[in-house]
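A.B. asks: Based on what follows, work out the 3D shape:
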Amino acid sequence: MSERAATALALLLLVLAGGVAWALQMRAVLEPRPESLRSIPLEISSFVGVDTPIGDNVEEMLSADFNVQREYLHPLGQLVWVYIGYYGTERGGTPEHTPRACYLAHGWRVVDEQTVVTDPAAGTRAMEYLVEAGGNQQLVMFWYRSHRASGMLSTLTLQLDHVAGRLTSGRGDGALIRLSTPLIGLDRDAARALLVSFAKLIEPRLADTWPTETSASGATERLGAALAPR
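C.D. replies: Just a heads-up that it's a prediction; the model follows:
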């Protein structure tokens, strides 16, 4: 590529980037209504759940627009911990901390990790961690979700989904969905089967209770201010 062509391409990319930034700037400000996530059933199949508190320091670190943390127990004694951290469009739709960072910050070691398919028919996947601390092990499964898609495995993918959502529908919210279970009386394969089965159960509940977002008052004023003569 000649120097002139490279310069022209660079200018084109700058113009496109500026256009995207302008389009995003002009989108209406959206206010999330995440409280609907509270209505995820406490009874899911044979599991019965209870809400569990999140420490103030943890909640501050996660800095989500809305948190759901529950403990679901099966009559046979199987236990699944559920955490959902929701981030609205104006927050970028993306968690500020990854699960790896959170586990390491709380003294857990990630022993192993791999990608697992949670629903072959839907093509959704999750990231699986085997974590350990003080001789205790847990199997963790997490994925990212938006109003557009589910089964995303990285914050980068979620960020790209956010941009695509902003450009198409104006909406780019997202959430971290994390399931975990202690490896007590279960080997890793059995724990994986438990979490995969629960992931299939909770996904349609997430779709049914996914938050709405509404245009905030003042969006028109923002657009008018941007277009006003200087």
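A.B. asks: What sits closest to Asn136 if chain neighbours are left out?
C.D. replies: Closest residue in space to Asn136, ignoring its immediate chain neighbours: Pro182 at 6.9 Å, by CB to CB, 6 or more residues apart in numbering. Where C-beta positions appear, they are placed from N, C-alpha and C, glycine not excepted.
A.B. asks: and the gap between the one you found and Leu206?
C.D. replies: Computed as CB to CB, to the nearest Å, the Pro182 to Leu206 distance reads 23 Å.
A.B. asks: What is the burial count for the residue nearest to Asn136?
C.D. replies: 14 (other CB atoms under 10 Å).
A.B. asks: cool, Gly134 as well?
C.D. replies: Gly134, neighbours per other CB under 10 Å, totals 7.
A.B. asks: Give the closest residue to it in space, chain neighbours not counted.
C.D. replies: That would be Gly107: by CB to CB, 6+ apart, it lies 7.9 Å from Gly134.
A.B. asks: in this structure, which spans are helices?
C.D. replies: 3-26, 56-62, 99-105, 155-168, 188-209, 219-227 (DSSP state H).
A.B. asks: my read: Leu79 touches Arg70, true?
C.D. replies: No. Using CB atoms under 8 Å, Leu79 is not in contact with Arg70; the gap is 11.0 Å.
A.B. asks: On the strand side of things, show who Leu176 bridges to.
C.D. replies: Taking DSSP bridges as the rule, Leu176 bridges to Gly85, Tyr144.
A.B. asks: Can you give me the neighbour number for it?
C.D. replies: A count of neighbours around Leu176, defined by other CB under 10 Å, yields 25.
A.B. asks: Model confidence for it, exactly?
C.D. replies: Listed pLDDT for Leu176 reads 96.
A.B. asks: which ones are touching it?
C.D. replies: 83-85, 95, 99, 142, 144 (CB atoms under 8 Å, 6 or more residues apart in numbering).
A.B. asks: rerun at 6 Å
C.D. replies: The neighbours of Leu176, taking CB atoms under 6 Å, 6 or more residues apart in numbering as the test, are 85, 95, 144.
A.B. asks: Now do the second one against Ser63, distance only.
C.D. replies: Yep, that's Pro95 we're talking about. Pro95 is 8 Å from Ser63, by CB to CB.
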